[in-house]
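> quick check, what structure comes out for this input:
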Amino acid sequence: CSLLVVLLTAGVIGLGARRIAGRDAGLLAALFYGVFSSVYYSQMIAANTEVFMLLPLIGSAVLLLRRPFANARLGDLLFAGALIGLACVWKQVALVNAVLLLAVAWMTRTRLLGMLAALTGLLIGVGIPLLAVWRWASLEGMWHWAFVRVLTHYGPVAWSPSRYFYAAITTGALFVVSTIPLWVGVVLRLRSTRAYTQPELFLLAWCGLSAVAVAAGGHFLGHYYLQLVAPLSLLAAVELSTSSLSIVWHRALLAITFTTATIFLCLSPLMDPIEGAFSNKPAIYRAVAAYVRDHTRPDDRIFVWGAGAPIYEASGRLCATRFVGFLRGIDRAANESPALGWDCGAEVWPLLLEDFATHPPVLFVDTAPSDLMHFARYPISRFPALANFVSERYDREATVAGTVIWRLRATPRH
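The predicted model follows:
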């Protein structure tokens with residue numbers, strides 16, 4: 001599914017570049033996005049929220065670039081606003097593109113109607129998914145987990161100046177090095193003495209806003225940079241297609257692009273994307289998942305203490321709770337306090353036990369002993385509600401690749 005979305009996104013980017021600078025720019029933009037949305041680090045190709053957010057976000061940008069801003073159609077503004085609103089449902093930082101939308105609406109000949117169409121589109125794009133949440137889930141829960149906990153825990157833990165700037169400089173430098181052809185396009189535009197066109201100003205502003213979105217959370221995870229790859233790919237393709245660079249330079253940049261893709265293609269099978277290491281040893285999560293699959297029925301529920309999504313996916317077993325991972329947003333390798341994580345607050349444990357009462361996990365998988373995803377410093381003994389639940393209801397069954405597996409006993413111990 002994520003591969004299909006990436007291919008569709010590359011196609012939309014190519015369409016946008018073609019409208020601005022012709023067929024060659026379109027092909028180059030699609031190539032750039034296809035390559036540079038998959039490199040930098042192994043988890044760039046995972047089904048991250050950014051992958052799905054970017055398709056509607058880029059679609060909105062292409063709509064806004066269809067014609068001179070003064071002649072923008074109200075329908076385009078309405079649809080572009082709806083797409084940005086939809087992208088915000090995938091990830092909140094998509095909202096930065098609303099600045100571009102409103103700027104274009106302000107420059108139309110029918111300014112007030114343009115602004116009204118843009119804002120109406122935003123409300124529709126956000127409103128319809130929110131109605132679905134209200135009808136089938138919980139708006140209160142969405143507000144708490146997607147906004148309150150993020151702003152009070154996930155964000156602040158990374159906003160100390162020393163940690164923030166260290167992460168920005170180190171990850172930013174690696175990102176620039178791994179995407180050199182894209183930055184050549186930016187440099188070409190900034191160094192050129194010719195007047196800026198409207199599409200170029202739009203793309204430069206989009207790059208700047210995307211950089212702000214990447215930096216807002218302070219964590220600078222690799223897949224966050226996907227939001228910047230999209231406008232950079234478009235801008236680089238347009239500039240390289242219209243520049244006076246020699247054929248030698250063009251061939252060199254294409255060679256760098258293909259070399260980058262080839263290196264990633266060769267190295268990616270050798271690195272486990274979850275545990276992030278080059279090793280001949282079987283991945284811990286795969287060994288655990290194989291055991292779980294062999295010792296449970298397809299309709300059995302399990303629970304993984306740790307970053308459990310890979311085990312759930314590889315084993316084909318459903319999670320017994322709504323919480324598929326824990327202690328996200330903190331540096332577990334540095335033994336940061338669990339209280340700083342956005343998913344280990346006091347309100348989590350009653351909800352977790354409530355889920356267990358509905359779907360008792362047949363197996364309780366404890367990844368702390370194996371230090372999978374740096375959980376060694378967070379044994380279940382540090383979390384009384386979890387420790388009591390295990391001691392009362394489970395018997396130790398096996399140890400697989402250092403991971404301890406407990407099985408639900410027939411009669412709870414009181």
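> for this protein, where's the lowest mean pLDDT among helices and strands?
helix 247-267 (a mean of 80; mean pLDDT, DSSP states H and E).
> mind listing what's buried in that helix?
Under the neighbour-count criterion of 16 or more other C-beta atoms under 10 Å, helix 247-267 has 253, 257, 260, 261, 264 buried. (Glycine included, C-beta is placed from N, CA and C.)
> who are the packing partners of the next helix or strand after that helix?
Sequence-wise, the next helix or strand downstream of helix 247-267 (DSSP states H and E) is helix 284-294. Contacts defined by 3 or more C-beta pairs under 8 Å, 6 or more residues apart in numbering; DSSP states H and E place helix 284-294 against helix 309-315, strand 363-366, strand 394-400, strand 403-408.
> distance between helix 284-294 and the chain's centre?
26 Å (C-alpha atoms, centre = their mean, to the nearest Å).
> mind listing residues that contact it?
Helix 284-294 has contacts (C-beta atoms under 8 Å, 6 or more residues apart in numbering) with 274-275, 302, 310-311, 313-317, 363, 365, 367, 370, 372, 398, 400-403, 405.
> buried subset of these?
274-275, 302, 310-311, 314-315, 317, 363, 365, 367, 370, 372, 400-401, 403, 405.
> and the helices in the stretch 301-414 of the chain?
Counting by DSSP state H, counting those that start in this stretch, the segments of the stretch 301-414 of the chain that form helices are 309-315, 348-358, 384-393.
> of all the ones you listed, which one comes closest to residue 195?
Ranking those by distance to residue 195, with C-beta to C-beta as the measure, places helix 309-315 first at 49.9 Å.
> CA atoms of the closest one as PDB?
Taking Å, rounded to 0.1, in the frame of the first residue of the first chain, the C-alpha atoms of helix 309-315 are listed here in PDB:
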ATOM      1  CA  ALA A 309       4.300  -3.500  16.000                       C
ATOM      2  CA  PRO A 310       6.900  -5.600  14.200                       C
ATOM      3  CA  ILE A 311       6.100  -8.600  16.300                       C
ATOM      4  CA  TYR A 312       2.400  -8.200  15.700                       C
ATOM      5  CA  GLU A 313       2.900  -7.800  12.000                       C
ATOM      6  CA  ALA A 314       5.400 -10.700  11.600                       C
ATOM      7  CA  SER A 315       3.400 -13.100  13.700                       C
END
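> what mean pLDDT would you report for it?
Per-residue pLDDT values across helix 309-315 average out to 91.
> helices or strands up against that helix?
Identification of packing neighbours for helix 309-315 by 3+ C-beta pairs under 8 Å, 6+ apart yields helix 284-294, strand 301-305.
> show me how far it is from its chain's centre.
Once both centres are worked out by C-alpha atoms, centre = their mean, helix 309-315 turns out to sit 19 Å from its chain's centre.
> can you list contacts of it?
Counting by C-beta under 8 Å, 6+ apart, helix 309-315 makes contact with 274, 285-286, 288-290, 292-293, 296, 302, 304, 318-319, 324-325, 365, 367, all of which sit outside it.
> please pick the buried ones from the residues you listed.
With neighbours counted by 16+ other C-beta under 10 Å, the contacts of helix 309-315 contain buried members at 274, 285-286, 288-289, 292, 296, 302, 304, 319, 324-325, 365, 367.
> flag the least confident of those residues.
The member of these with the lowest model confidence is residue 274, at 66 (criterion: pLDDT).
> how about TSV for the helices and strands packed on helix 309-315, with distance to residue 201 added?
Converted to TSV, those look like this (distance: least, C-beta to C-beta, whole Å):
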stretch	distance to residue 201
helix 284-294	47
strand 301-305	49
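> mind checking which of these is nearest residue 146?
Across those, the minimum distance to residue 146, taken as C-beta to C-beta, is reached by strand 301-305, at 22.8 Å.
> contacting residues around the closest one?
Counting contacts by C-beta under 8 Å, 6+ apart, the residues touching strand 301-305 from outside are 292, 296, 311-312, 315, 317-321, 324, 326, 356, 359-368, 375, 380, 386.
> partners of it in the sheet?
Here strand 301-305 is paired, per DSSP bridges, with strand 318-319 (parallel), strand 363-366 (parallel).
> and the angle from whatever helix or strand residue 182 lives in to helix 247-267?
Using DSSP H and E, residue 182 maps to helix 180-191. Taking axes from the mean of the first three to the mean of the last three C-alpha atoms, to 10 degrees, helix 180-191 and helix 247-267 form an angle of 150 degrees between their directions.
> what comes up buried for the helix or strand that helix 180-191 is followed by?
Following helix 180-191 in sequence order, the next helix or strand is helix 198-216 (DSSP H and E). Neighbour counts over helix 198-216 (16+ other C-beta under 10 Å) mark 199-200, 202-204, 206-207, 209-211, 213-215 as buried.
> and stretch 178-186, by the same measure?
Buried residues in stretch 178-186, counted by 16+ other C-beta under 10 Å: 178, 179, 181, 182, 184, 185, 186.
> what's the answer for stretch 341-355, then?
Those buried within stretch 341-355 under the rule 16+ other C-beta under 10 Å are 341, 342, 343, 344, 345, 348, 349, 352, 355.
> work out for me the element the nearest residue to the fifth one once chain neighbours are set aside sits within.
Same thing as residue 345. Closest residue in space to residue 345, ignoring its immediate chain neighbours: residue 149 at 6.8 Å, by C-beta to C-beta, 6 or more residues apart in numbering. Mapping residue 149 onto the secondary structure by DSSP H and E places it in helix 149.
> restricting to C-alpha, output the helix or strand just after that helix in CSV.
Helices and strands here follow DSSP H and E; after helix 149, the next one along the chain is helix 161-178. This file holds the C-alpha atoms of helix 161-178, laid out as CSV (Å, rounded to 0.1, in the frame of the first residue of the first chain):
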residue,chain,number,x,y,z
PRO,A,161,18.4,23.9,23.3
SER,A,162,21.3,21.5,23.5
ARG,A,163,19.4,18.5,22.4
TYR,A,164,17.4,20.4,19.8
PHE,A,165,20.3,21.9,18.0
TYR,A,166,22.5,18.8,18.2
ALA,A,167,19.7,16.7,16.6
ALA,A,168,19.1,19.4,14.0
ILE,A,169,22.7,19.8,12.9
THR,A,170,23.6,16.1,12.9
THR,A,171,20.5,14.8,11.1
GLY,A,172,20.2,17.8,8.9
ALA,A,173,23.8,17.4,7.7
LEU,A,174,23.2,13.7,6.9
PHE,A,175,20.0,14.6,5.0
VAL,A,176,21.7,17.2,2.9
VAL,A,177,24.6,14.9,2.0
SER,A,178,22.2,12.1,1.0
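> this completes my enquiry, with thanks.
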